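Student: Predicted model and sequence below, questions to follow.
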Amino acid sequence: MTTFNNADNKEIDKFDKVSQIWWDLKGEMGTLHVINPLRTKFIMEKLTVQNPKILDVGCGGGILSEALAKNGAKVVGSDLSQASLEVAKRHAEQQGLKIEYLYESAENIAQKNPGSFDAITCMEMLEHVPEPAKVIAACAQALKPGGHAFFSTINRTPKAFLFAIVGGEYILRLLPRGTHTYQKLIRPSELKQWAQDAGLEFSRIASLIYNPFTTKFKVAMGVEDVNYMVHFTKKK
């Protein structure tokens, strides 16, 4: 088994075990499919380059990678769960999509391909690695000057513990149990500081708000709530 410096093998094993349900729309990954159009719009609406080259870090089974490819992007997906990557490759082939999937860390890709990507997405991944600041730094290194970086994660607040972990995983079953560890959740201020240290400039923030009565999500711009997305640009 390949070892990576900035990886938690327990987290990788966790995603290996759920790899076969990535594309089960009605299963425990179904929430990712529900929020995927909202994430995709948040990303694509700010990209002005035609057919942008996008690196999707922590791509899992390829849910976001495929949506970006269908919007015209040239996508490279990376993940440390080989089982998830196999699912992603197989599903992309079935859909007739050309997506390059790599079993490599963001740090390795950035070292080999500095300044190569128009945009980098790293969604729902930072809270699963030991040192998220290093992943953000690698994303910044791999971006072209003027490129865009998009991160999403879960806020570390009592509300997030109640809604995302207790409610989301154990009551409403929106995600598999044990998906998140409270201590690994990330406050927006921490993420912004790591991005600033990596040479990225803050552009905007938004949160995905869930309505349990309608079972729908909406994007609240400028809000730092439980599940939030942040957009940065790399200095030219």
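Tutor: Happy to help now that I have it. Numbers count the residues shown, from 1 in each chain.

Student: Next SSE downstream of the helix or strand of the chain with the lowest mean pLDDT?
Tutor: Least confident helix or strand of the chain, by mean pLDDT, DSSP states H and E, is helix 158-160 with a mean of 86. Downstream of helix 158-160, the first helix or strand assigned by DSSP states H and E is helix 188-197.

Student: which secondary structure elements does the helix or strand harbouring Gln94 contact?
Tutor: Take DSSP H and E as the rule and Gln94 turns out to sit in helix 82-95. With contacts defined as 3 or more C-beta pairs under 8 Å, 6 or more residues apart in numbering; DSSP states H and E, the packing partners of helix 82-95 are helix 9-17, helix 63-70, strand 100-102. Quick note: C-beta positions are derived from backbone N, CA and C, even for glycine.

Student: what angle separates that helix from helix 9-17?
Tutor: 30 degrees (axes from the mean of the first three to the mean of the last three C-alpha atoms, to 10 degrees).

Student: Only the buried residues of helix 82-95, if you could.
Tutor: Going by neighbour count (16 or more other C-beta atoms under 10 Å), the buried part of helix 82-95 is 83-89, 91-92.

Student: do the same with stretch 211-218
Tutor: Phe217.

Student: what does that stretch rub up against?
Tutor: With contact meaning C-beta atoms under 8 Å, 6 or more residues apart in numbering, stretch 211-218 is reached by 34-35, 38, 172, 208-210.

Student: so how far does that stretch reach from one end to the other?
Tutor: Start to finish, the residues bounding stretch 211-218 are 8 Å apart (C-alpha to C-alpha, to the nearest Å).

Student: how distant is it from the center of its chain?
Tutor: Relative to the chain's own centre, stretch 211-218 is displaced by 21 Å; criterion: C-alpha atoms, centre = their mean, to the nearest Å.

Student: average pLDDT across that stretch?
Tutor: In this model, stretch 211-218 carries a mean pLDDT of 87.

Student: before we move on, the earlier item: also compute the angle for the helix holding Gln94 relative to helix 63-70, please.
Tutor: Computed by the same axes, to 10 degrees, the angle separating helix 82-95 from helix 63-70 equals 30 degrees.
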